[in-house]
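# pasting the structure only:
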Ligand code: HAM
């Protein structure tokens, strides 16, 4: 029986990898300029890192984690996100001891047992960013500005930045009580899920996607009107800084995020080009998570981008790709040529050229067809006459012009010709 990949888990084919790598390189360039350094994190961690970090009552922890006992009987989970791991590493490696901010980013696969659909996978890739060690609203604004710059570099233009404030733990707690009181009157009209959420996590009622519930939620008390003065001031500052740098945004007071660690600013970037799964990026402040894991008080701000969704939005054109077509396609004809083609290709590659050949050594016609298909810049033709004379034929595949190059200095001569073509 043919074995197929698991539902919601897909291969990333070479053409797609090219795009991902291009996007990741741009992320690296932009984030590095803002002082972020890459951290590589394990793909699996102890389960309680995620259940405590993300929150026991969240969808991720309740129903989406890939959890298993390892051979030693330890509960292990394939990471559903990166923030909890960054926090763990930050504490474990005493990264706080440097007394300066830690600005980190990471890329890699995440795992969530969600219902697969367009843009939603069970193994998906994120690019994440975490700025750790400052309360300043400048950090909130700067990280979002960096994200906007990244989108700009990618050529993305149709998206919306939505922001909200979730207050601090104290004022959010008060708001939750007010919210619960208001929700109570609507319980019979709300969906089953929201009835459950009402008990455990009433904030999540605000971002329910059921139509009737959206209408009800729009009438509920707004969090931004209930947060304390300090939180209001912080949120006001963030908005002022975004305005100062002309970053367009809208305030969405129903934006609550699906992970429990957020405090103060929360944000999402959505695109109407994505369909139902329209969130490209989500993030915000989480000022208490490091402390909750017994680290020193460390206010943090971060986000994560869904790489598949992001890549699907980038307006790629040929120019953007790293050159994947070979410089040279070697065509060999006759027994003598066959015996030297292996070391000739090796010599060209060692000289820094990208080279392809026909391993089946078919007829001239078939080799030329393959050369055309490879879209190489040049075709190097090596037959008996060429070997005898010590000169190879080099065909410029774009102009069709053929020239003679000396066998001994073929690497240098081809390289010179490439600079003339480029
Ligand atoms: P999140 O909103 O759960 O946040 O995920 C961030 C992004 O990952 C989403 O906006 C989406 O693009 C992508 N994503 C999530 N689930 C899937 C899926 N099943 N298939 C495809 N893409 C998906 C976090 O993960 C937080 N750790 C972000 C953060 C970092 N907050 C602070 N620091």
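Alright, I've got the coordinates. Just so it is clear, the model here is predicted, and its values are computed rather than measured.
# which residues touch the closest residue to the ligand within the chain?
Per Cβ to the nearest ligand atom, residue 306 is where the chain lies closest to the ligand, at 2.3 Å. Every residue, glycine included, has its C-beta placed from N, CA and C. For residue 306, the contacting residues are 119, 124-126, 279-281, by Cβ atoms under 8 Å, 6 or more residues apart in numbering.
# now, those that are in strands?
124-126, 279-281 (DSSP state E).
# from residue 160, how far off is residue 237?
Plainly put, residue 237 is 22 Å away from residue 160 if you go by Cβ to Cβ, to the nearest Å.
# please list the residues of the stretch 1-150 of the chain that sit near the ligand.
81-83, 112, 114, 120-121, 124, 126, 128, 130 (Cβ under 6 Å from any ligand atom).
# turn these into JSON lines, columns for pLDDT.
Formatted as JSON lines, these follow (pLDDT from 0 to 100):
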{"residue": "81", "pLDDT": "98"}
{"residue": "82", "pLDDT": "98"}
{"residue": "83", "pLDDT": "98"}
{"residue": "112", "pLDDT": "98"}
{"residue": "114", "pLDDT": "97"}
{"residue": "120", "pLDDT": "97"}
{"residue": "121", "pLDDT": "98"}
{"residue": "124", "pLDDT": "98"}
{"residue": "126", "pLDDT": "98"}
{"residue": "128", "pLDDT": "98"}
{"residue": "130", "pLDDT": "98"}
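# now, which of those residues lie within strands?
124, 126, 128, 130.
# who wins on neighbours among these?
residue 130 (26 neighbours; other Cβ atoms under 10 Å).
# tell me what that residue is bridged to.
With DSSP bridges applied, residue 130 shows beta-bridge pairing to residue 104, residue 302.
# hmm, residue 273 and residue 280 touching each other?
No - taking contacts as Cβ atoms under 8 Å, residue 280 lies outside contact range of residue 273: 9.6 Å.
# more crowded one of the two?
Using other Cβ under 10 Å, the more surrounded residue of residue 280 and residue 273 is residue 280, with 24 against 13.
# mind listing what the more buried one touches?
Taking Cβ under 8 Å, 6+ apart, one finds 159, 269-271, 274, 305-306, 309-310, 313 in contact with residue 280.
# and if you look at residue 201?
Contacts of residue 201 by Cβ under 8 Å, 6+ apart are 55, 57-58, 260.
# show me which of those residues are buried.
With burial judged by 16 or more other Cβ atoms under 10 Å, the buried subset of those is 55, 58, 260.
# how about the last one, nearest residue that isn't a chain neighbour?
Taking Cβ to Cβ, 6 or more residues apart in numbering, and ignoring the residues beside it in sequence, residue 260 has residue 55 as its nearest neighbour in space, at 2.7 Å.
# quick one: the one you found and residue 257 touch, right?
No - the criterion here is Cβ under 8 Å, and residue 55 misses it with residue 257 at 10.4 Å.
# which single one of the ones in strands among the residues of the stretch 1-150 of the chain next to the ligand is nearest to residue 358?
Closest to residue 358 out of these is residue 124 (38.7 Å), distances taken as Cβ to Cβ.
# list the beta-bridge partners for the closest one.
Counting by DSSP bridges, residue 124 forms beta bridges with residue 110.
# ok, now how distant is it from residue 309?
For residue 124, the distance to residue 309 - Cβ to Cβ - is 8 Å.
# could you list the low-pLDDT ranges of the stretch 201-350 of the chain?
Scanning the stretch 201-350 of the chain with the threshold set as pLDDT under 70 gives 318-323.
# what residues does it put near the ligand?
Within the stretch 201-350 of the chain, the residues that sit near the ligand (Cβ under 6 Å from any ligand atom) are 258-259, 279-284, 286, 302-304, 306, 308-309.
# for those, work out which two are farthest apart.
286 and 308 (24.5 Å).
# comparing the two, which residue is more hemmed in?
More neighbours surround residue 286 than the other of residue 286 and residue 308, with 28 against 18 (other Cβ under 10 Å).
# that one - nearest residue in space that isn't next to it in sequence?
With sequence-adjacent residues excluded and distances taken as Cβ to Cβ, 6+ apart, residue 286 is closest to residue 261, at 4.2 Å.
# what are the phi and psi values for the residue of the chain closest to the ligand?
Note on residue 306: its backbone torsions stand at phi -90, psi 110 [degrees, to the nearest 10].
# in the sheet, which residues pair with it? Tell me.
Residue 306 has these beta-bridge partners by DSSP bridges: residue 126.
# coming back round to it: can you add distance to residue 184 and give the ones in strands among the residues of the stretch 1-150 of the chain next to the ligand back as JSON lines?
Listed next are these as JSON lines, based on distance: Cβ to Cβ, whole Å:
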{"residue": "124", "distance to residue 184": "37"}
{"residue": "126", "distance to residue 184": "37"}
{"residue": "128", "distance to residue 184": "37"}
{"residue": "130", "distance to residue 184": "37"}
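# for those, which one is nearest residue 172?
So of these, ranked by how close each gets to residue 172 (Cβ to Cβ), first place is residue 130, at 21.2 Å.
# distance of the closest one relative to residue 268?
Taking Cβ to Cβ, one finds residue 130 at 17 Å from residue 268.
# after the longest helix seen in the chain, which helix or strand is next?
Counting by DSSP state H, the longest helix found in the chain is helix 14-33. As assigned by DSSP states H and E, the chain's next helix or strand after helix 14-33 is strand 37-38.
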